[in-house]
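J.: just to be clear, the model below is a prediction. Sequence and coordinates:
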Amino acid sequence: MLDPSSLQVEPFATPMSIKPGSVPVLASFYPDLNGQVIHPRPDGKQVRYLSLPRRSLPGSRRRAAVKALVFPRFGSGDAAGLHRVQPDRALERLAASGSSDRGLERADVAAMITLVQQRPCYELVYDRLETALELLDNVLLKPAQPIETSYPSPFS
């Protein structure tokens, strides 16, 4: 969840639901995944639910600054890479990926505009989880690069 006043994110406690096709990919990262009970969801999909880490539970209030916006895309056979996304396109994708049931308020939209203007935005194309992690480490562990272009905010 994004705090529009600080532009920090805090944990949003919801368990990951793992579909059958993801089990072989994630099993090495979650050793007890194969032993998890399979549950039918209302949409008919069969999933395993992962327990939440304690630090993600409500009340932990751990917040973190947003260093970059990354839009992942799994593509079997696609060339893996981390590609810059222009702020206008990133704003479209960010707005479309919201997970809150409440409507967007002016402060939410202003925060999203500020994020795409001030943080680097990427599309992450990957076909293996290990590749995705390596690509992210190469970008996110480096010192932040200055943003070359600024865009006027419609809320100025």
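T.: Received it, and whenever you're ready, just let me know what you need.

J.: can you pull out the helices in this structure?
T.: 23-26, 87-96, 106-118, 129-140 (DSSP state H).

J.: ok, which of those helices comes nearest residue 76?
T.: helix 23-26 (10.9 Å; C-beta to C-beta). In this view, the C-beta of every residue, glycine as well, is placed from N, C-alpha and C.

J.: report the buried residues of that closest one.
T.: For helix 23-26, burial by neighbour count (16 or more other C-beta atoms under 10 Å) applies to residue 23.

J.: and stretch 130-138, by the same measure?
T.: Result for stretch 130-138 [16+ other C-beta under 10 Å]: buried residues 132, 135-136.

J.: repeat for stretch 105-123
T.: Buried residues in stretch 105-123 (16+ other C-beta under 10 Å): 108, 110-113, 115-117, 119-123.

J.: can you put these in CSV and add distance to residue 6?
T.: Shown next, in CSV, are the buried residues of stretch 105-123 (distance: C-beta to C-beta, whole Å):
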residue, distance to residue 6
108, 13
110, 13
111, 9
112, 14
113, 15
115, 12
116, 17
117, 16
119, 14
120, 19
121, 19
122, 22
123, 26
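
J.: show me which of those is closest to residue 43.
T.: Of all those, residue 123 has the smallest distance to residue 43: 26.6 Å, by C-beta to C-beta.

J.: was I right about that closest one contacting residue 73?
T.: Yes - with contact defined as C-beta atoms under 8 Å, residue 123 reaches residue 73; the gap is 6.1 Å.

J.: which stretches of the protein have low pLDDT?
T.: 12, 55-61, 78, 98-102, 142-156 (pLDDT under 70).

J.: show me where it has its strands.
T.: Ranges of strands within the chain are 2-3, 8-9, 17-18, 38-40, 46-49, 64-65, 69-74, 81-84, 121-126, based on DSSP state E.

J.: for the second one, the distance to its chain's centre please.
T.: Spelled out, that is strand 8-9. 12 Å (C-alpha atoms, centre = their mean, to the nearest Å).

J.: separation between the nearest residue to residue 77 once chain neighbours are set aside and residue 137?
T.: Spatial nearest neighbour of residue 77, chain neighbours left out: residue 127 (6.6 Å); criterion: C-beta to C-beta, 6 or more residues apart in numbering. Per C-beta to C-beta, to the nearest Å, residue 127 is found 17 Å from residue 137.

J.: check residue 24 too.
T.: For residue 24 relative to residue 137 (C-beta to C-beta), the value is 23 Å.
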